[in-house]
Every structure is written in C-alpha cells, then in structure tokens.
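Visitor: Any chance you can model this:
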Amino acid sequence: MDNPIALKNYRDPQFSIPGMSASDVNFSSAGTQLAPRVQTLSRLQWYGQENELLMNQVNVDNYVYGMRGGIGIQMNHAMYRNGGVHVADVALTYSPKISISNTISFEPSIRFKMGNKSLNQEPHD
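Guide: Coordinates of the predicted model:
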C-alpha cells in the first residue's frame, strides 16, 4: 500500500475523442501523476447555425499520499441552440492506488456527479 506501482508506470494519456478528456474515459486516471494535473477542453461546433454548441470543461486531479489515492474534480458547462439549453455539472472522483505486487496494482474508482439542465423558452435569433 505504501508505494503504488501505478505512479511509476502510468503515462499522461492523450485522447482525440471530441468533447472527452482522460477523466471521462477512465475514472481511475485521477491521481496517476506525482504532480497536480490540470486539463482544459473547449469546443465550439456548428458556429452560427441553429444548433450551435459551446462546451467548456476543466479537470484537476492529484495524488494524495495520506489517502493513498487520487482525488479529482471535473467542471463542465455547455450551451446549445444559441443559449436555449444550458448544462452545468461537477463531478468528484476518488481512486485508491493499491499495490498487489511489485508489478501489479489495483485501481478502483468512485465518482459522484451532479448538475443542472435549464431550458430558455425565449426565442433566439
């Protein structure tokens, strides 16, 4: 438990999945680096069209030695249809890093996510 092998073998992942970050793909990636990690993502799609999408995301995670695991927070905001639909949410993740042997680790994760979706009934240009 004292020396998680995951912190020695894990690399910082890079994905080319539109609108997704490492914490969306694998919740256990929280705390897999020795230093705090900050990731941002912005996406503007169908600019000037009726179904325009603007999305922003911020991810912060770090390994916490006292908890023997990683803690992460993810904040999202999206706006669809020129402000007709707003989506905002925040997710908290905990992923313990458990060494089974010198080469094998077990990294479960638990995530709590909550948010809000609101509709604007006003017509937009």
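
Visitor: So for Val85, what's the pLDDT?
Guide: Val85 carries a pLDDT value of 90.

Visitor: is it true that it touches Asn116?
Guide: No. Applying Cβ atoms under 8 Å, one finds Val85 not in contact with Asn116, separated by 11.2 Å. The way it works is simple: take the backbone N, C-alpha and C, and place the C-beta from them, glycine included.

Visitor: which of those two has more neighbours?
Guide: Val85 (14 against 9; other Cβ atoms under 10 Å).

Visitor: which residues sit in contact with the more buried one?
Guide: Shown in contact with Val85 (Cβ atoms under 8 Å, 6 or more residues apart in numbering): Met79, Lys117, Ser118, Leu119, Asn120.

Visitor: Need those residues in TSV (columns: secondary structure, distance to Met20 and neighbour count).
Guide: Formatted as TSV, the contacts of Val85 follow (DSSP: H, G, I helix; E, B strand; the rest coil; distance: Cβ to Cβ, whole Å; neighbours: other Cβ atoms under 10 Å):
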residue	secondary structure	distance to Met20	neighbour count
Met79	strand	18	17
Lys117	strand	19	11
Ser118	strand	23	9
Leu119	strand	25	10
Asn120	coil	26	13
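
Visitor: Please identify which of those is nearest to Asn26.
Guide: Relative to Asn26, the closest of these is Lys117; by Cβ to Cβ it sits at 25.2 Å.

Visitor: Skip the chain neighbours and tell me the closest residue to the closest one.
Guide: Sequence neighbours aside, Val87 is the residue nearest to Lys117 in space, at 5.1 Å (criterion: Cβ to Cβ, 6 or more residues apart in numbering).

Visitor: Name the SS class of that neighbour, please.
Guide: strand (DSSP: H, G, I helix; E, B strand; the rest coil).

Visitor: check which helix or strand covers the residue positioned nearest the centre of the chain.
Guide: Centroid-nearest residue in the chain, with Cα atoms, centre = their mean: Ser23, separated by 3.6 Å. Using DSSP states H and E, Ser23 sits in helix 22-25.
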